[in-house]
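[1] Predicted coordinates and the sequence they were generated for:
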Amino acid sequence: VQLQASGGGLVQPGGSLRLSCTSSGSTLHYYAIGWFRQAPGKEREGVSCISGHDGNKYYADTVKGRFTTSGDDAKNTVYLQMNSLKPEDTAVYYCATSTVGQSCPPTSWVSWGQGTQVTVSS
């Protein structure tokens, strides 16, 4: 599965961004799709997971209530809507997939997209 993440940018604290994860050649509906982030000097952190085929979702405590993940099957795209952004949300964000048919959380993440930078600063 080849993935491409996009939608990052510079936003002020309290602002919003929507990230997109698209795939060419694979139907994301049948996979668990995760969003991760990594800030400089920090370990990679799991942010969210969605599995379209069973509707399962989960969120890290650090983003619960502010971030929402969703899928658009017609566009073969998974989104991460990020609201009420904080400076500590600054990181490179990545999307990843499981093997086909897994729910959230999957046993492993096998394909990764390139990251998109999110910077929250005034």
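    Arrived safely, thanks for sending.

[2] what sits against S24?
    When contacts are counted by Cβ atoms under 8 Å, 6 or more residues apart in numbering, S24 touches Q2, Q4. (C-beta placed from N, C-alpha, C; glycine too.)

[3] pLDDT score assigned to S51?
    pLDDT, S51: 95.

[4] Please apply the same query to the one 4 residues further on.
    The predicted local distance difference test score for G55 is 89.

[5] What of Q38?
    98.

[6] got a list of what T62 touches?
    With Cβ under 8 Å, 6+ apart, T62 has these contacts: E45, V47, E88.

[7] Please report how far the first one lies from F36.
    Between E45 and F36 the distance, using Cβ to Cβ, to the nearest Å, works out to 6 Å.

[8] For the chain, which segments count as strands?
    For the chain, the strands defined by DSSP state E cover 2-6, 9-11, 17-24, 32-38, 45-51, 56-59, 67-72, 77-82, 91-97, 111-112, 116-120.

[9] Export these to CSV and append columns for distance to S103.
    Output for these, formatted as CSV (distance: least, Cβ to Cβ, whole Å):
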stretch, distance to S103
strand 2-6, 18
strand 9-11, 31
strand 17-24, 17
strand 32-38, 6
strand 45-51, 5
strand 56-59, 5
strand 67-72, 14
strand 77-82, 14
strand 91-97, 13
strand 111-112, 17
strand 116-120, 25
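
[10] Can you say which of those is nearest to C104?
    Of all the strands of the chain, the one in closest proximity to C104, counting by Cβ to Cβ, is strand 45-51 (3.7 Å).

[11] Buried residues of that closest one, list them for me.
    Of all the residues in strand 45-51, those buried under the rule 16 or more other Cβ atoms under 10 Å are G46, V47, S48, C49, I50, S51.

[12] ditto for stretch 86-99
    Buried-residue list, stretch 86-99, by 16+ other Cβ under 10 Å: D89, T90, A91, V92, Y93, Y94, C95, A96, T97, S98.

[13] Brilliant, that's me finished.
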